[in-house]
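Student: Return atomic coordinates for the entry below.
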Amino acid sequence: MPPSLRKSVLGAAATLTTAKLVLITANDEWPEVQYWIKSSVMPSVFGQTPNPSVKKKIVILGTGWGALAAIQTLDPAQCSLTVVSPRPFFYYTPLLAGMSAGNVSYSSILEPIRKHLASFPDAQYIQAECDDVDFSQQTVQCNQECKNDGSPADQQPSQVSVPYDQLVIAVGAEPATFNIPGVRERCMFIKEIDDGIKIHHRILSSLERANTLLAAGAPDSEVDRALHWVVIGGGPTGVELTAELGDFVRNDVSVYFPHLQPRIRISLMEATGRVLGMFDPAVSAYATSVLQENGASLLCGAMVTKVDEGVVHYKTKSTSVAGEAVTLSQSVDCGTVVWAGGINARPITRHIISQLNDLSEKTTNDRTGQQRALVQTSPRGIQVDEKFRVRGLEEVGNVFAIGDCALAAGCSPTAQAAFQQGKYLGRLLRDTACVSGDAKEVNSRIDCYDPFIFHNYGALAYVGTSKGVAELKTVLWSNPLEALRSAAAGGDGKGVGVESAAPSSSTVVEGGKAFVIWRSLYFSKLLSHRNKTQVGFDWMKSGVFGRDISSPLGIPSMKNSSGASKRQ
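Tutor: Coordinates of the predicted model:
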């Protein structure tokens, strides 16, 4: 081989190796590398990884971030895995707002859950919804509800009972309506893939409807109502949806509906004093200015009180001339309302909480004879310990909860937290396996396992016109080589690969640079090469040819396209 070619090959190999090491560090995969070396490459040196004589039955409820991360870190040789969920796929939530505005296709951000079960010889997926858990018999009761999907009309729901040795509850959460009248009946939600598809169809339908009203000579008020889109909730999801809709109007509606563009209004309503409340106030102010430049109207301090057909009622607080606090009741006409106002526990989560408290009330203290206090004291989620064991069942130690359905100290209900929790729990279940499979021995090993530590790496949000905001923890930028060495040295599967004493200060990035970081990071976190190829092509297609403004036949009617999803 010529010296110049050899040099080029070695340089390319070094570059690829460095890139792989960086990805392993960024994705916290050093514990998996170490486990693979111990169990496959040099088992005689490190000792054979324990393989139970009888595989333990692990049941995972849900197919979200936490569930998928746990699946990816489990050892197929140790367990017989069953995944139960009505949703047979994982979807990439950071791009849901872009999908709702037609920037990416829904199929580009889906990943079949069966693909991740292929490496488990005994794995099975059951498309059903969990109705009940019998903790004494260690079984999960599931119900496969019949949908309007072409199944025979007389087909009865299928009842399935699934036994478990270890249970992972990762059912996520549902939109929180705060019992505000009309929200569930008249608002669209942005939580599931189905919701994004409905929003996209609704936006396109409103444009066509407004065009038809104009042609029919309808009153201007009817046209303006159809062209007013309201997003309620000023968190990252609401802000990104508002930004994506603004880009859609500026780049695509201006081309295909130029006569409608000046009449379109996009309003973002937030109950608190500013949008992106989890960010620094200066970052929030920058996001507000960009959204307004992109054509959105922001109503902060607007608390929604009721949603009627085509009308959103809200109240604001003001100060009178005399200096007294005054509450003003107002309303706004609109044709589309999207609710992005937070999350709440699902019915199955509330049922499990009630079950655990019932068990606690029936159990008396052996020494005093008095009833024990309730073990679950919050209706927002299942309380867990630092190993994600469900409170009230620690003595058994075989029921865990992660993700948005769990209340873990120091964790917020985000995809970042759920993914870290899932990885930790998958490693815990993998590393505490024993040959005998004895439940008491496994629980004793769990007691000795290092507790979970959540590492908040920052937050990102897209605010429109190819601009973003980012608050990134200094640990990401301070010394990558030191982070690499730390991850390699500490990747024992019991932590998360980064020193817990990392500084808590943040690096703030705004504008085009933050947008590049936003897209690059989210693109790199896509699960498969197929997803990356499709999303990359979607972005290129939207940038060059514009978004698709056609709406397929059979779209949801404007009256029936709302409603919360029951997906786990």
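Student: In which helix or strand does the closest residue to V290 other than its chain neighbours reside?
Tutor: Take V290 and drop its neighbours on the chain: the residue closest to it by CB to CB, 6 or more residues apart in numbering is V463, 4.5 Å away. Glycine gets a C-beta too; all of them are placed from N, C-alpha and C. For V463, the host element (DSSP states H and E) is strand 458-464.
Student: again, but for S444
Tutor: Using DSSP H and E, the element containing S444 is helix 439-448.
Student: What of A14?
Tutor: Secondary structure assignment for A14, by DSSP H and E: helix 3-26.
Student: repeat for R202
Tutor: Per DSSP H and E: helix 193-215 holds R202.
Student: what about that helix, distance to the chain center?
Tutor: Centroid separation between helix 193-215 and its chain, computed with CA atoms, centre = their mean, to the nearest Å, is 26 Å.
Student: Can you tell me what sits against it?
Tutor: 89, 91, 96-97, 99-102, 106, 109-110, 188-190, 222-223, 226-227, 229, 241, 245, 248, 253, 257, 259-260, 263, 335-336, 338, 549-551, 555-556, 558, 561-562, 565, 567 (CB atoms under 8 Å, 6 or more residues apart in numbering).
Student: And the residue nearest to V290, how far from K513?
Tutor: 13 Å (CB to CB, to the nearest Å).
Student: Which residue ranges of the stretch 201-350 of the chain form strands?
Tutor: Here the stretch 201-350 of the chain has its strands, by DSSP state E, counting those that start in this stretch, at 228-232, 265-270, 296-300, 303-308, 311-319, 325-333, 336-339, 343-345.
Student: Can you list the strands that the fifth one pairs with?
Tutor: Translated: strand 311-319. strand 303-308 (antiparallel), strand 325-333 (antiparallel) (DSSP bridges).
Student: Please convert those strands to a markdown table, extending it with mean pLDDT.
Tutor: Supplementary listing: the strands paired with strand 311-319 in a markdown table, determined by pLDDT from 0 to 100:
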| stretch | mean pLDDT |
| --- | --- |
| strand 303-308 | 97 |
| strand 325-333 | 92 |
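Student: So which of these is the most surrounded?
Tutor: Counting by mean count of other CB atoms under 10 Å, strand 303-308 has the highest mean neighbour count of those, with a mean of 18.
Student: In CSV, list the C-alpha atoms belonging to that strand.
Tutor: Only the C-alpha atoms of strand 303-308 are listed here, as CSV (Å, rounded to 0.1, in the frame of the first residue of the first chain):
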residue,chain,number,x,y,z
MET,A,303,-55.6,31.3,32.8
VAL,A,304,-58.1,29.4,30.8
THR,A,305,-61.4,28.9,32.6
LYS,A,306,-63.6,27.3,29.9
VAL,A,307,-63.5,26.1,26.3
ASP,A,308,-66.7,26.4,24.2
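Student: That strand to strand 228-232, inter-axis angle?
Tutor: 130 degrees (axes from the mean of the first three to the mean of the last three CA atoms, to 10 degrees).
Student: quick thing: my sequence starts at 493, can you match it?
Tutor: Okay, residue one is now 493; in that scheme the one you just asked about reads as strand 795-800.
Student: mind checking how far strand 795-800 is from the chain centre?
Tutor: Its chain's C-alpha centre and that of strand 795-800 lie 26 Å apart, by CA atoms, centre = their mean.
Student: out of the strands of the stretch 693-842 of the chain, nearest to Q616?
Tutor: Nearest to Q616 among the strands of the stretch 693-842 of the chain is strand 835-837 (27.3 Å), distances taken as CB to CB.
Student: That closest one - contacts with which helices or strands?
Tutor: strand 665-667 (3 or more CB pairs under 8 Å, 6 or more residues apart in numbering; DSSP states H and E).
Student: where does the stretch 593-742 of the chain dip in pLDDT?
Tutor: For the stretch 593-742 of the chain, applying pLDDT under 70 flags the ranges 637-649.
Student: the helices in it, which residues?
Tutor: With DSSP state H, counting those that start in this stretch as the criterion, the stretch 593-742 of the chain has helices at 605-609, 675-678, 685-707, 712-718, 728-740.
Student: Please identify which of those helices is closest to I845.
Tutor: With CB to CB as the measure, helix 675-678 is the member of the helices of the stretch 593-742 of the chain nearest I845 (21.4 Å).
Student: and that closest one, which residues are buried?
Tutor: Neighbour-count burial for helix 675-678, counted by 16 or more other CB atoms under 10 Å, picks out 675-676, 678.
Student: quick revisit: can you say which of the contacts of helix 685-707 are buried?
Tutor: 583, 588-589, 591-594, 598, 601-602, 680-682, 714-715, 718-719, 721, 733, 737, 740, 745, 749, 752, 827-828, 830, 1041, 1047-1048, 1053-1054, 1057, 1059.
Student: State whether L820 and T808 are indeed in contact, as I suppose.
Tutor: Yes - when contacts are counted by CB atoms under 8 Å, L820 is listed as touching T808 (5.2 Å).
Student: Name the residues that touch the helix holding S936?
Tutor: With CB under 8 Å, 6+ apart, helix 931-940 has contacts from 657, 879, 881, 887-890, 920, 923-926.
Student: Pull the most distant pair out of those.
Tutor: The distance between the two most remote of the contacts of helix 931-940 (CB to CB) is 21.0 Å, for E887 and D923.
Student: So those two - more neighbours on which side?
Tutor: Remark: of E887 and D923, D923 carries more neighbours, 21 against 8, as counted by other CB atoms under 10 Å.
Student: I'd say that one and Y941 touch.
Tutor: Yes - using CB under 8 Å, D923 is in contact with Y941, at 7.1 Å.
Student: in the chain, which helix or strand is least confident?
Tutor: Using mean pLDDT, DSSP states H and E, the weakest-scoring helix or strand in the chain turns out to be helix 972-982, at a mean of 41.
Student: Now the very next helix or strand once past it - C-alpha only, CSV.
Tutor: Going down the chain from helix 972-982, the next helix or strand is strand 998-1003, by DSSP H and E. Output in CSV follows, covering the C-alpha atoms of strand 998-1003 (Å, rounded to 0.1, in the frame of the first residue of the first chain):
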residue,chain,number,x,y,z
SER,A,998,-25.2,26.4,32.4
THR,A,999,-24.0,27.7,29.1
VAL,A,1000,-26.7,29.7,27.3
VAL,A,1001,-26.9,29.6,23.5
GLU,A,1002,-29.4,31.5,21.5
GLY,A,1003,-30.3,32.0,17.8
